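J.: A predicted structure for the sequence below; I have some questions about it.
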Amino acid sequence: MLNEIKKRVLLVDGMALLFRAFYATSSTGYIRKTKAGLPTNAVYGFLQYFFDAINVFTPTHVICCWDMGSSTFRTETYSEYKQNRMEAPLELRPQFDLIKDVVKEMGVPNIGLVGYEADDCIGTLSNALQNDSEVFILTGDHDMLQLITEQVKVVIMNKGRSNYTVYDLETLYSTKQLTPLQIIDLKAFMGDASDNYPGVKGIGEKTALKLIGEYKSIEGCLECLDLLPKSVKKKIEENLDMLHLSRDLARIRLDVPIECNLNDCLWDLRHDSATRIFDELELGSLVKLLGNVVNS
């Protein structure tokens, strides 16, 4: 039967949803907890976002991807990578493992690999699964736009629920005048303050966009260095190593040693298991949502 149905895979950026849910539900200072004192606000918000996306994009298959610690090949390559980030709030920490348990009970595979980021797992899976499936990547991270192909779309979550921007090749170019690969080169030039790598010092987004618009790629710029304004040429020459390093840090990997059989990620919500764990976590209001969730 699956061969007769268009397969649509939803790859969920679990960390993006969980962090978004935590801050959205704790902005007033109130943290939802069980009677025993276990924080559940991020789990609660995550599930609301999750079920909304399921109903909007009606996937046949669902996978959740996760970071597996802060040490990755990127921190080994560049020690300052993400070193500007604060530790996760105390109330969020126990919810990292808790949400994975909940996702598993619902029948959704959790995928992550030590040494890589969730982005890399998503990139690898989207690259592999696009051959015979339509792939939607659910995230709030614009870095993922580099993964767009004819078969892969990136769904950016905007503020509030049911507020999405769906990027395909056409939308990406019409809104940003960029191709997916140019997203990587853009970040190589301008760096990323959130991930804490500098790119080319002194080149911001405006100049980076102009360079890529005119010369298409880093290689194109380097081949035409003498045509650039002297100040821009000097900045690139003085930061050439960092330009290449920043591009390597920005590039999402497509070859992480993971795999996921489509048969293992068929979206078929386990209502009984989900109800049980929701009740255990005193998330009774979410049980009502289960009856309205679209199954494949």
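T.: Arrived safely, thanks for sending. Numbering: from 1, shown residues only.

J.: now do whatever helix or strand residue 125 lives in, average pLDDT.
T.: Secondary structure assignment for residue 125, by DSSP states H and E: helix 118-129. The average of the pLDDT scores along helix 118-129 is 97.

J.: in contact with the nearest residue to residue 232 once chain neighbours are set aside, which residues?
T.: Setting aside the residues directly before and after it, residue 232 is nearest to residue 207 in space (Cβ to Cβ, 6 or more residues apart in numbering), at 6.6 Å. For every residue, glycine as well, the C-beta is placed using N, CA and C. Residues in contact with residue 207 (Cβ atoms under 8 Å, 6 or more residues apart in numbering) are 189, 190, 232.

J.: redo those residues as JSON lines? Include pLDDT.
T.: Output for the contacts of residue 207, formatted as JSON lines (pLDDT from 0 to 100):
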{"residue": "189", "pLDDT": "98"}
{"residue": "190", "pLDDT": "97"}
{"residue": "232", "pLDDT": "97"}
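
J.: need the three-state assignment for the residue nearest to residue 232.
T.: helix (DSSP: H, G, I helix; E, B strand; the rest coil).

J.: so residue 9 belongs to a helix, correct?
T.: No. Per three-state DSSP, residue 9 lies outside any helix segment and is strand.

J.: neighbours of it, how many?
T.: Residues lying near residue 9 (other Cβ atoms under 10 Å) number 25.

J.: before we move on, what about the one 3 residues further on?
T.: Residue 12: 29 surrounding residues under other Cβ under 10 Å.

J.: that one belongs to a strand, doesn't it?
T.: Yes. The assignment for residue 12, made by three-state DSSP, places it in a strand.

J.: now for the one helix or strand residue 242 maps to, which elements pack on it?
T.: Using DSSP H and E, residue 242 falls within helix 240-250. Judged by 3 or more Cβ pairs under 8 Å, 6 or more residues apart in numbering; DSSP states H and E, helix 240-250 is in contact with helix 73-77, helix 180-190, helix 218-223.

J.: at 10 Å what do you get?
T.: Packed against helix 240-250, as judged by 3 or more Cβ pairs under 10 Å, 6 or more residues apart in numbering; DSSP states H and E, are the following elements: helix 73-77, helix 180-190, helix 218-223, helix 230-238.

J.: distance to residue 278 and mean neighbour count for those helices - can I get that in CSV?
T.: Below are the helices and strands packed on helix 240-250 laid out as CSV (distance: least, Cβ to Cβ, whole Å; neighbours: other Cβ atoms under 10 Å):
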stretch, distance to residue 278, mean neighbour count
helix 73-77, 36, 15
helix 180-190, 38, 22
helix 218-223, 49, 16
helix 230-238, 54, 14
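
J.: I figured residue 218 was touching residue 248, is that so?
T.: No. Contact between residue 218 and residue 248 fails when scored by Cβ atoms under 10 Å: they sit 11.4 Å apart.

J.: list residues touching both of these two?
T.: Residues touching both residue 218 and residue 248 (Cβ atoms under 10 Å, 6 or more residues apart in numbering): 184, 188.

J.: can you point out the buried residues in stretch 28-42?
T.: Applying a neighbour-count criterion of 16 or more other Cβ atoms under 10 Å, one finds 31, 32, 38, 39, 40, 41, 42 buried in stretch 28-42.

J.: residue boundaries of the strands in the chain?
T.: Using DSSP state E, the strands of the chain run over 8-13, 61-65, 110-111, 134-139, 152-157, 164-167.

J.: so which of these is nearest residue 264?
T.: Checking the strands of the chain against residue 264 by Cβ to Cβ gives strand 61-65 as the closest, at 8.9 Å.

J.: same for the closest one, what does it pack against?
T.: Going by 3+ Cβ pairs under 10 Å, 6+ apart, strand 61-65 lies up against strand 8-13, helix 14-26, helix 41-57, helix 93-105, strand 110-111, helix 118-129, strand 134-139.

J.: what's the burial count for the residue nearest to residue 156 when sequence neighbours are not counted?
T.: Nearest residue to residue 156 in three dimensions, chain neighbours excluded: residue 165, at 4.6 Å (Cβ to Cβ, 6+ apart). Residues lying near residue 165 (other Cβ under 10 Å) number 12.

J.: so for residue 165, what's the pLDDT?
T.: Per-residue confidence (pLDDT) for residue 165: 97.

J.: got the contact list for it?
T.: 142, 154, 155, 156, 157, 158, 171, 175.

J.: quick one: residues contacting the residue lying closest to residue 47 once chain neighbours are set aside.
T.: Leaving aside its sequence neighbours, residue 47 sits nearest to residue 286 (Cβ to Cβ, 6+ apart; 5.6 Å). For residue 286, the contacting residues are 43, 44, 47, 48, 51, 102, 274, 275, 277, 278, 279, by Cβ under 10 Å, 6+ apart.
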